[in-house]
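> Requesting a structural model of the entry that follows:
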Amino acid sequence: MAAMTIELQPGFADKVLSAQSTFRTVMEAMARPGQAMPVLDVVDGPSSMMAGVAALALTLLDQDTPVWLDHAFASAPDVGAWLKFHTGAPIVARPDAATFALIAKPASLPDLASFALGTPEYPDRSTTLIMQVSSLTAGQTFHLRGPGIDGTTALTATIEPCDLFARLSINEALFPRGVDMILVDGRSLVAIPRTTRLASSGV
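So this is what the prediction gives:
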């Protein structure tokens with residue numbers, strides 16, 4: 001039987017400039033938690049991967065950054081091949097071995113304690129989760145506080161799992177250890193670093 005040929009989508013048109021631009025967007029988002037930032041650089045990724053996630057993958061992943069894929073991404077025939085071709089990042093089977101985790105279906109998000117949480121000596125040796133969400137403009141309103149936020153900021157979003165911020169309370173108990181998170185809706189992203197806390201929520 002002949003092997004199935006997978007046609008891979010291209011990466012950035014200008015690899016260096018686009019990666020630099022997207023990296024600046026990520027850094028600005030981390031400095032301003034809860035604020036939506038546009039990913040300006042266009043990339044055609046696998047069909048199951050939002051453009052923003054594809055841009056982040058091309059920017060943040062390389063041969064020294066192990067990545068874990070949730071079941072939806074891991075079972076897509078083109079995702080693993082696209083990531084390996086464009087980034088060289090090793091795909092690992094265990095969440096706690098990953099520097100980054102790509103989550104296509106966050107409703108099935110594993111327990112956050114299953115990811116790398118860093119160590120007291122090296123708290124940065126933890127997993128950053130990049131999650132696709134339904135909306136960063138409509139849904140429930142979450143009021144966030146923490147460094148980079150003047151008082152509180154409101155994030156209106158449709159997020160699964162619905163108890164995500166309750167799960168993220170693990171960061172408060174573990175600090176300075178913990179996980180960082182980037183939520184992506186199409187070509188928009190919101191960063192939720194480990195220092196961000198839920199102040200209150202409403203409809």
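> Could you look up the SS state of the spatially most central residue of the chain?
Centroid check for the chain by Cα atoms, centre = their mean gives Ile130 as the closest residue, at 1.1 Å. Recorded secondary structure, Ile130: strand (DSSP: H, G, I helix; E, B strand; the rest coil).
> Nearest residue to it in space, please, no chain neighbours.
Among residues not flanking Ile130 along the chain, Ile182 sits closest, at 4.8 Å (Cβ to Cβ, 6 or more residues apart in numbering). Where C-beta positions appear, they are placed from N, C-alpha and C, glycine not excepted.
> Can you give me the separation between the one you found and Pro120?
24 Å (Cβ to Cβ, to the nearest Å).
> More neighbours: the two, which one.
Ile182 (22 against 8; other Cβ atoms under 10 Å).
> so how far is whichever strand in the chain runs longest off the chain centroid?
Secondary structure assigned by DSSP state E gives strand 135-145 as the longest strand of the chain. In terms of Cα atoms, centre = their mean, to the nearest Å, the centre of strand 135-145 is found 17 Å from the chain centre.
> re the thing from before, verify the contact between the residue nearest to Ile130 and Pro33 for me.
No: Ile182 lies out of contact with Pro33 (Cβ atoms under 8 Å); the separation is 10.5 Å.
> Now list whatever residues contact both of the two.
The contact sets of Ile182 and Pro33 overlap at 190-192 (Cβ atoms under 8 Å, 6 or more residues apart in numbering).
> rewinding a little: mind telling me what element the residue nearest to Ile130 is part of?
Per DSSP states H and E, Ile182 falls inside strand 180-185.
> which sections of this structure are below the confidence cut-off?
1-14, 200-203 (pLDDT under 70).
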